[in-house]
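Peer 1: Next comes the sequence, and after it the predicted model I'd like to discuss.
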Amino acid sequence: MNSIPDLSGTQGWRNTTRGTSLANRCRSTALAAMAVASLNLMGMSTVSASERWKIIPLPGTGTLNQLNSSMALSASDAWAVGTTGLPDFNSQGVILHWDGRTWKRMRHPNPPTAVAVNLLGVAAASANDAWAVGRWADPVTLTNKPLILHWDGSAWQLSGTPPSSNGGTFQAVKAFASDDVWAVGQDGTGTLAEHWDGQTWSVVPTPRLPSGGDLTSVGGTSSTDIWAAGSFFDRKLQTHSLILHWDGNVWSISPSPDNGASSEIEGIAAIAPDNVWVVGHSFPSNVATLTEHWDGTAWTAVPGPDLSPAQFNAIVAVSPTDLWAVGWTLGSGAQKQTLVENWNGSAWMVSRTPAANQISEFLGIAAAPNAVLAVGDANVTPQDPQLPLMEVHKP
């Protein structure tokens, strides 16, 4: 199989959707605001020797653009989703597709009354069977509603989900087969998991926690070995990391180390039933990256470079000895900068990326043939438009 040339879209980026709008996906911006230290990655001894990251130019419109999630089926079939818009209450989700030559923006429908749309996750079972999930805002109640879109090989269409009186959001999606797809998030009061059986979406009960929770990621190795993770609130409304497991019959809580208040899981990479990774952030004294590993029996925290303040937003596994976790850390001027770490089978090491802009972060990452694809957002300065960010690493 040929590798993705570089996903650079050197033949051009074509916009096939009209109009611009606002959307905003905030991943722990309150924690970022509390971070006051800076970090010089160039001076770290734990930096990977092989840095082959390349920025992929992508135009943005309006003043708020970002890509939240990506995935790749082959060298000529990759997807990225996010949002674009202007700073008002009127937003539009973005779906980009790579056909082996160009990144194209794809048309997609919105709920008829939607006033704000944000796409947060993407997955595909095949070239003719892809899913994008997120949320849309109801103009009457001003509440968020879960959103699911389906690609049948020729067009994106709305996919109906069970109604939620409390609103909600889908944060992530995983497609195991055409009749086995999971979407996770929150329903306004607690964690939400829904399953597609090839015909309809149905809510599958998850453990209810006293003060509610949110699922931000989903992954697994089979229909009877699925993981979902995120966070829950304690009685003081402080967040703690949460990991759930599906055994084919029921979702149950999988006990994991308590990383203290303000801990959240943001990404999952399931390699085998006894080899699963999750990443996110904790708050021992300042926001810091969080990495945990499942060995088939228990979850354990795995230390990495001390980058506090920093946060992981996503993880992907190329092989058991080649994993990539992405997010942000603070660079010069105490501004967010993209963060990438690579697991080589024995340790996590920082992989330097080119300077995207003065302010930048990664929100998603996907494995492609002979490459990994990271997406997020970037600003030249805080006053400038926020641009979509895409970078590719090739060995």
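Peer 2: That came through fine.
Peer 1: mind listing what's buried in stretch 175-183?
Peer 2: Using 16 or more other C-beta atoms under 10 Å as the test for burial, stretch 175-183 gives 175, 176, 180, 181, 182, 183. Backbone N, C-alpha and C define where each C-beta goes, glycine included.
Peer 1: nearest residue to the third one other than its sequence neighbours?
Peer 2: What it means is residue 180. Spatial nearest neighbour of residue 180, excluding adjacent residues (C-beta to C-beta, 6 or more residues apart in numbering): residue 223 at 5.3 Å.
Peer 1: Neighbours of that neighbour, how many?
Peer 2: 14 (other C-beta atoms under 10 Å).
Peer 1: swap in the one 3 residues further on?
Peer 2: Here the neighbour count serves as a burial measure; for residue 226 (other C-beta under 10 Å) it reads 25.
Peer 1: Let the chain start at 888 from now.
Peer 2: Sure, I'll start numbering at 888, so the last one becomes residue 1113.
Peer 1: can you tell me which residues contact it?
Peer 2: Residues in contact with residue 1113 (C-beta atoms under 8 Å, 6 or more residues apart in numbering) are 1061, 1069, 1105, 1106, 1107, 1132, 1133, 1157.
Peer 1: go again using 10 Å as the cut-off
Peer 2: 1061, 1063, 1067, 1069, 1071, 1080, 1082, 1105-1107, 1131-1135, 1138, 1155, 1157 (C-beta atoms under 10 Å, 6 or more residues apart in numbering).
Peer 1: Among the residues you listed, name the buried ones.
Peer 2: 1061, 1063, 1067, 1069, 1071, 1080, 1082, 1105-1107, 1131-1133, 1138, 1155, 1157.
Peer 1: Give me the neighbour count for residue 992.
Peer 2: 18.
Peer 1: repeat for residue 939
Peer 2: Per other C-beta under 10 Å, the neighbour tally for residue 939 reads 12.
Peer 1: just the one 4 residues further on next, same as before
Peer 2: Burial of residue 943, expressed as a neighbour count using other C-beta under 10 Å, amounts to 21.
Peer 1: quick one: it and residue 1166, what's the gap?
Peer 2: Distance, residue 943 to residue 1166, by C-beta to C-beta, to the nearest Å: 23 Å.
Peer 1: quick revisit: could I get the pLDDT score of the residue nearest to residue 1067?
Peer 2: On the pLDDT scale, residue 1110 is placed at 95.
Peer 1: Over to it: give its phi and psi.
Peer 2: In terms of degrees, to the nearest 10, the main-chain angles of residue 1110 are phi -70, psi -10.
Peer 1: Tell me how far it lies from residue 1202.
Peer 2: Residue 1110 is 22 Å from residue 1202, by C-beta to C-beta.
Peer 1: Residue 1209 too?
Peer 2: From residue 1209 to residue 1202 the distance is 12 Å (C-beta to C-beta).
Peer 1: next one: residue 960
Peer 2: Between residue 960 and residue 1202 the distance, using C-beta to C-beta, works out to 19 Å.
Peer 1: which one of the two has more residues nearby?
Peer 2: Per other C-beta under 10 Å, whichever of residue 960 and residue 1202 has more neighbours is residue 1202, with 26 against 18.
Peer 1: Can you name the residues bridging to that one?
Peer 2: residue 1212 (DSSP bridges).
Peer 1: How about the contacts made by it?
Peer 2: Here residue 1202 is in contact with 1104, 1106, 1152-1156, 1164-1167, 1178, 1210-1214, 1228, 1230, 1251-1252 (C-beta under 10 Å, 6+ apart).
Peer 1: Go through the buried ones among the contacts of residue 1113 and say which is closest to residue 1220.
Peer 2: Looking at these and their distance to residue 1220, the nearest is residue 1155, at 32.6 Å (C-beta to C-beta).
Peer 1: Would you mind measuring from the spatially closest residue to the closest one that is not a sequence neighbour to residue 1197?
Peer 2: The spatial neighbour of residue 1155 that comes closest, neighbours along the chain excluded (C-beta to C-beta, 6+ apart), is residue 1106 at 3.8 Å. Distance of residue 1106 to residue 1197, computed by C-beta to C-beta: 22 Å.
Peer 1: Can you give the strand pairings for the helix or strand where residue 1010 lies, parallel or anti for each?
Peer 2: Residue 1010 belongs to strand 1004-1013 when elements are defined using DSSP states H and E. Strand 1004-1013 has its sheet partners listed here by DSSP bridges as strand 1016-1024 (antiparallel).
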